[in-house]
Structure formats: structure tokens, C-alpha cells
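> got a predicted structure plus its sequence, pasted below:
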Amino acid sequence: MLYIFDFDGLLVDTERIHYRAFMDVFTEFGLEIISFWKFCRLAHKDINHLRDYLFDKYKNYDVNINFDFDKLYTRKKERYGELINDINTNINMMPGATKTLQWCKMNGGTIIVVTNSSKEDVYQITKRHIILNQCVDHWITRDMYHKSKPDPECYHLCMKLYGDQETAIGFEDSIKGIQAMTKCGSITATGICLLDYPFYDEIFMMTGGMIYETFTDWLSQNVEKK
Ligand SMILES: [Mg+2]
């Protein structure tokens, strides 16, 4: 059995750090900060929604004269790197994630992480959480494929390299992740996300109701009751 996991926001609690990096850069650029859930709504499905929102909001302001979204996005990636490199930034495993990885391992499964994060960003986090290196057999990082999620390329690559007729169960926390996974076609997708998540209903539909708020819930309903 293959167990396939996304990384950010699914195994490790980094979505709030991505958000913080964006908001730090918003401040640098003189833009007003937005709430976390609003950010998810604007950035999680298609980053162009965030771009359109900002262009529209600031079209009549001076700030727009120098406002360049590509520059902002590049600076955000840099800021994110600074934050995860900083020992004062807390980076926790998501609830139940460690136990889930251990359970998959104990059951003889092959564990693969497929992520939009770069090899360098992944390294900064795995060095804090040894469990990840102990349990994960293979990593597919952003530098290994051309088009990021929601494009299914990363999952096609995963199945090409490791799929070999094995049954594959996959976990994702975001709408673009679920889109990439379901488009791939050979992975049974499960969503792990909170009810508050703006795309919860869409993920519910796309996974045929296979959605849990946390891995703790997934374990209690799929593993522990058996
Ligand atoms: Mg994610």
C-alpha cells in the first residue's frame, strides 16, 4: 500500500507561516493585511485571485504605481525562508500527523510526500522533526516537476516512480492539492481540513465525503475502531 501525503498544512503546521510571510510582505509594500481565512479564500485555489484582488483594491491608490505582484510573490518566498530558518518560529506537526505516519509505517506501507515546497524549505523543517525522515520513504519536491498543484504533474510523477500497481491512498488539506490528486486518477483522495476552511464543501464533493477535520479524527474513525 502506498500512503501519499501533502506537506504544508497537512503534516506540518506551516500554512500560518506562509500567511505570516505574505502579511509581512504586504506591510513592506504598504498594503493592508487581511484575515487568515480571507487569505485562504484568495490564494488557495488560484494565486491569480489574490493578484486580482490586490490590483482591484489598490487601483486608485499611489501604492499601485510601484505595485508589482511578481516582485511581491518573490519577496514572500524569501520571507518564508527567513521565517522557517529562524529558530524562534514555531513549526509544529499537525494534530495526529505523527501517529498517522507511524501507523502507516507499522502496517508496512510505503510513505511518499508530494509537495509544492522546495527541497531547501523541506530540509529546514525535517531537521526539526526527525519523525519525518524516519517515516518518509520518498520525497517529491517542487524542483522535480514543472507545473505546481493544482496541476497533477507531481502526482503523475509519484505514480510513475513508485506506483507500480499498488493501491494508493492520498491525503491533502487544500483545494488545489485535492484537485491535483483527483486529476491524477489513480489515488484515492482523502481531505484533512477544518470545517472553517473556505473550500471544505468542494473538497467534500471531490472526495465523495472522505474528509476529516484532523488526522486524529481519521485515526479514530478508520484505524482505532477496527
Ligand atoms: Mg497543503
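That came through, no problem. Residues are numbered from 1 along each chain as shown.
> going by C-alpha atoms from here, please, whenever you check contacts or count neighbours.
Noted.
> domains for the chain, by residue range?
Listed domain ranges for the chain are 2-13+92-222, 15-85 (source: automatic domain parsing).
> surely Ile211 meets Leu194?
No - using C-alpha atoms under 8 Å, Ile211 is not in contact with Leu194; the gap is 9.2 Å.
> the two: which is more packed in?
Ranked by neighbour count (other C-alpha atoms under 10 Å), Ile211 and Leu194 place Ile211 first, with 25 against 14.
> check the gap between the residue nearest to that one when sequence neighbours are not counted and Ile175 for me.
Distances taken as C-alpha to C-alpha, 6 or more residues apart in numbering put Gly191 closest to Ile211, at 4.4 Å, once the chain neighbours are dropped. From Gly191 across to Ile175, the span is 9 Å (C-alpha to C-alpha, to the nearest Å).
> name the residues contacting each of the two.
Residues touching both Gly191 and Ile175 (C-alpha atoms under 8 Å, 6 or more residues apart in numbering) are Ile203.
> can you flag the weakest of the domains of the chain by average pLDDT?
Sorting those by mean pLDDT places domain 15-85 lowest, at a mean of 90.
> any idea how far apart the tips of that domain sit?
Taking C-alpha to C-alpha, domain 15-85 runs 16 Å from one end to the other.
> so it, near the ion or not?
No - Domain 15-85 stays clear of the ion (C-alpha under 5 Å from the ion), getting no nearer than 7.4 Å.
> buried residues, the helix or strand hosting Lys71. List them.
Lys71 is part of helix 69-85, with elements assigned from DSSP states H and E. Buried positions in helix 69-85, judged by neighbour count with 16 or more other C-alpha atoms under 10 Å: Leu72, Tyr73, Arg75, Lys76, Lys77, Arg79, Tyr80, Gly81, Leu83, Ile84.
> check stretch 202-209 too.
The neighbour-count check on stretch 202-209 (16+ other C-alpha under 10 Å) flags Ile203, Phe204, Met206, Thr207 as buried.
> give me the contact list for it.
For stretch 202-209, contacts defined as C-alpha under 8 Å, 6+ apart pick out Ile175, Ile178, Gln179, Thr182, Ala189, Thr190, Gly191, Met210, Ile211.
> what's the third one in contact with, if anything?
For Gln179, the residues meeting the contact criterion (C-alpha under 8 Å, 6+ apart) are Lys149, Pro150, Asp151, Pro152, Met206.
> repeat that for 7 Å
By C-alpha atoms under 7 Å, 6 or more residues apart in numbering, Gln179 lies in contact with Pro150.
> so which strand or helix has it?
With elements taken from DSSP H and E, the one containing Gln179 is helix 175-184.
> is the following helix or strand past the helix holding Lys71 anywhere near the ion?
Per DSSP H and E, helix 69-85 leads on to helix 97-106 as the next helix or strand towards the C-terminus. No - Helix 97-106 lies out of reach of the ion by C-alpha under 5 Å from the ion, never closer than 13.0 Å.
> which residues in the protein form strands?
2-5, 110-114, 138-140, 168-172, 188-192, 211-212 (DSSP state E).
> need the winner for burial among the ones you listed.
Highest mean neighbour count of those: strand 188-192, a mean of 24 (counted as mean count of other C-alpha atoms under 10 Å).
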